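Undergrad: sharing a sequence plus its predicted fold:
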Amino acid sequence: MIDSVMSFATLGIHPALRRTLDARGYDEPTPVQREVLAEGLAGRDLLVSSRTGSGKTVAFGLLLADTLLGEAPAFGPAGAPLALVIAPTRELAVQVQRELSWLLGDAGGRVLSTVGGMEPRREARALAAGTHVVVGTPGRLRDHIDRKNLDLSDVRALVLDEADEMLDMGFREELEAILGAAPGERRTMLFSATLPRPILELAKAYTHDAARVAATPPGEAHADIALHGHVVAQREREHALVNVLRAQDPARALVFCATREGAHHMASSLSERGFEAVGIAGDLTQGERTRALKLLRDGRARILVATDVAARGLDLPGIELVVHADIPRDAQALQHRSGRTGRAGKKGRAVFLATPAERFKMERMLKMAGAKAEWLPVPTAEEIRARDEERLAADVATLAGEASEEELAAAKRLLEARAPLTVAAALLRRERARLPAAEELPETARVARQVPRAESPVRTKRSGPMEAVWFRIGIGREKNADPKWMLPLLCRRGDVTRSEIGKILIFPRETRFEVAADAAAAFEAKARRPDPKMPGVRIDLVREEKARPVKRPRP
DNA sequence: AAAAAAT
């Protein structure tokens, strides 16, 4: 009974797709796949969140089939695309294209990708030959539209993969240009593991009467990922990473750095120490980027050191460990980066390295992500050497019985020339040289012992409804300032707490928000000051005429 | 404060 309820067969999936899924060994839909196909949602715009590695691509692939095929037995002749999928990185777009291609291929569906770094003319030829679905990155998609290689007038379904990232300021302009080229009458579907509240608000501008699907219960986003934190001294971050990698000894690992330069530096440094590591970041050529992923996928590299270019969506099989060598920039990045492991029901581990100053920021992010982490000391060189020795002793025990006549004879000759202790010590040294050396961490040991400072004093929260003043704010978009970031920034600069900010409305080009009336005057004066850290940024803050009482959000 | 995305 349960089986029939859970199977793809009862979800009303097209027979051709059901056969395809069956052949691929997909016998049960994941929760997100089941939920988006619920009857009440047919034809609706959707805002879908579901944990990393939970099968979102197949979920929207099924939705696309549903929307485009209807009752038809198969896809008709390929022409201008009927559906468009937009993703934030090239590698992800290519991965999604591959996955949709196998999913829709048996039903006659054609899926093309258009991404930066590929030959534009080849893509243009493919588009001219016709397709049913296009998957692309914003810049290249817009390029094809401008050059009339891509006609979106037949588009009936649109998917924003990693939707919160796509609605980020950095993509906004291109996204709007692309959406403007597609008919308003269409089904729009937003997918991500993370859909923070401001993004859900913003999404209203891009959807019509969208239904919200939250497929992962809060607190279960990291259910399959064991999280550990280490407090490290800033100058020993690299050494701490070495010890973590040596202690955990993952078959495959992903290491995240905050900057491109940092990622390249760390990758070459790890390689020099004898780790099989490669780096990937946005400043590499597309060929180099593809090659780095390939090295990891086919096992010639065991460690991929990356910027957040690899944080989202990529399905890299067999990643046992994710290390946040630099802490993520927000709770969303924490979830996406960690989510490169522990996929499709498998278990994974994630570790972050934080300086004492970063520790609190990290704890805030963990709380926001609904994740729990245990703080542990970084594995010491001594512990790693002890473990190496144990493993060597175990190897010696197993190998001893397997020695051949010839090997025994060679051993005898070695022992005739030198004392047994000297021989064993020399061989031990050689054995150790095969592995990257563990590092001493004197400063880390010192800072980890220090009593943590208290977080900046929290102002007492007031309760009950407040008198509030509305403000409207816009920031020159050429500065890439995101409304998501503006409020925390203004809180800091305007010296108000979050509890003094009431309702927040985010629109594509401006953000409106309320500030408690008694804090408003001081806020206005302080928030307008030019910021030496942000030279040239024009903060366009307007006080609205009407103040009105609002309910204060529950703490 | 920072990464990505067009040539």
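TA: Good, I have the coordinates. Residues are numbered from 1 along each chain as shown, chains lettered A, B, ... in the order given.

Undergrad: contacts, neighbours, all on C-alpha from now
TA: Fine.

Undergrad: what about the one helix or strand residue A:426 maps to, distance to the chain center?
TA: For residue A:426, the element it lies in under DSSP states H and E is helix A:420-433. Counting by C-alpha atoms, centre = their mean, to the nearest Å, helix A:420-433 is centred 44 Å from the centre of its parent chain.

Undergrad: mind listing the helices for the stretch 1-150 of chain A?
TA: A:2-6, A:15-23, A:31-36, A:56-69, A:90-105, A:120-129, A:138-146 (DSSP state H, counting those that start in this stretch).

Undergrad: for DNA strand B, which of the ones you listed is the nearest?
TA: Closest to DNA strand B of those, according to C-alpha to the nearest atom of the strand: helix A:138-146, at 3.2 Å.

Undergrad: give the next helix or strand downstream of that closest one.
TA: Next along the chain after helix A:138-146, taking DSSP H and E as the criterion, comes strand A:157-161.

Undergrad: so what's the gap between whichever helix or strand comes after that following strand and the chain middle?
TA: Next helix or strand after strand A:157-161 toward the C-terminus (DSSP H and E): helix A:163-166. Relative to its chain's centre, helix A:163-166 lies at 11 Å (C-alpha atoms, centre = their mean).

Undergrad: state the mean pLDDT of helix A:163-166.
TA: Averaging pLDDT along helix A:163-166 gives 94.

Undergrad: now do stretch A:206-215
TA: 93.

Undergrad: same question for stretch A:173-190.
TA: Here the average pLDDT along stretch A:173-190 is 93.

Undergrad: what is the end-to-end distance of that stretch?
TA: The first and last residues of stretch A:173-190 sit 17 Å apart, counting by C-alpha to C-alpha, to the nearest Å.

Undergrad: pLDDT score assigned to residue A:539?
TA: pLDDT, residue A:539: 66.

Undergrad: please report how far the residue of chain A positioned farthest from its centre lies from DNA strand B.
TA: Distance from the C-alpha centroid of chain A, by C-alpha atoms, centre = their mean, peaks at residue A:416 (59.2 Å). Relative to DNA strand B, residue A:416 is positioned 58 Å away (C-alpha to the nearest atom of the strand, to the nearest Å).

Undergrad: what of residue A:326?
TA: Applying C-alpha to the nearest atom of the strand to residue A:326 and DNA strand B gives a distance of 11 Å.

Undergrad: contacts for the helix holding residue A:426, please.
TA: With contacts defined as C-alpha atoms under 8 Å, 6 or more residues apart in numbering, helix A:420-433 is touched by A:414, A:415.

Undergrad: any idea how far the next helix or strand along the chain from that helix is from the chain center?
TA: Next helix or strand after helix A:420-433 toward the C-terminus (DSSP H and E): helix A:442-449. Distance of helix A:442-449 from the chain centroid (C-alpha atoms, centre = their mean) equals 31 Å.

Undergrad: ok, now stretch A:225-233?
TA: The answer for stretch A:225-233 is 18 Å, by C-alpha atoms, centre = their mean.

Undergrad: could you do stretch A:45-63 as well?
TA: 15 Å.

Undergrad: using CSV, write down the CA coordinates of that stretch.
TA: Written as CSV, here are the backbone C-alpha positions of stretch A:45-63 (Å, rounded to 0.1, in the frame of the first residue of the first chain):
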residue,chain,number,x,y,z
ASP,A,45,3.9,29.0,-10.1
LEU,A,46,6.1,27.5,-7.4
LEU,A,47,8.6,28.6,-4.8
VAL,A,48,10.3,25.4,-3.8
SER,A,49,12.9,24.8,-1.1
SER,A,50,14.4,21.4,-0.5
ARG,A,51,17.7,20.3,1.1
THR,A,52,20.9,19.9,-0.9
GLY,A,53,21.2,16.6,-2.6
SER,A,54,17.5,15.9,-2.5
GLY,A,55,16.8,15.6,-6.2
LYS,A,56,15.6,19.1,-7.2
THR,A,57,16.8,18.8,-10.8
VAL,A,58,14.7,15.7,-11.5
ALA,A,59,11.8,17.4,-9.6
PHE,A,60,11.7,20.4,-12.0
GLY,A,61,12.5,18.1,-14.9
LEU,A,62,9.2,16.2,-14.1
LEU,A,63,7.4,19.5,-13.8
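
Undergrad: in chain A, what helix or strand scores lowest on average pLDDT?
TA: Least confident helix or strand, chain A: helix A:2-6 with a mean of 50, by mean pLDDT, DSSP states H and E.

Undergrad: now stretch A:307-327: average pLDDT?
TA: 95.

Undergrad: whoops, stretch A:85-93 was the one
TA: 96.

Undergrad: can you get me the start-to-end distance on that stretch?
TA: Stretch A:85-93 end-to-end distance (C-alpha to C-alpha) = 8 Å.

Undergrad: contacts made by it with the rest, please.
TA: With C-alpha under 8 Å, 6+ apart, stretch A:85-93 has contacts from A:113, A:115-116, A:133-138, A:158-162, A:165-166, A:290, A:309, A:312-314.
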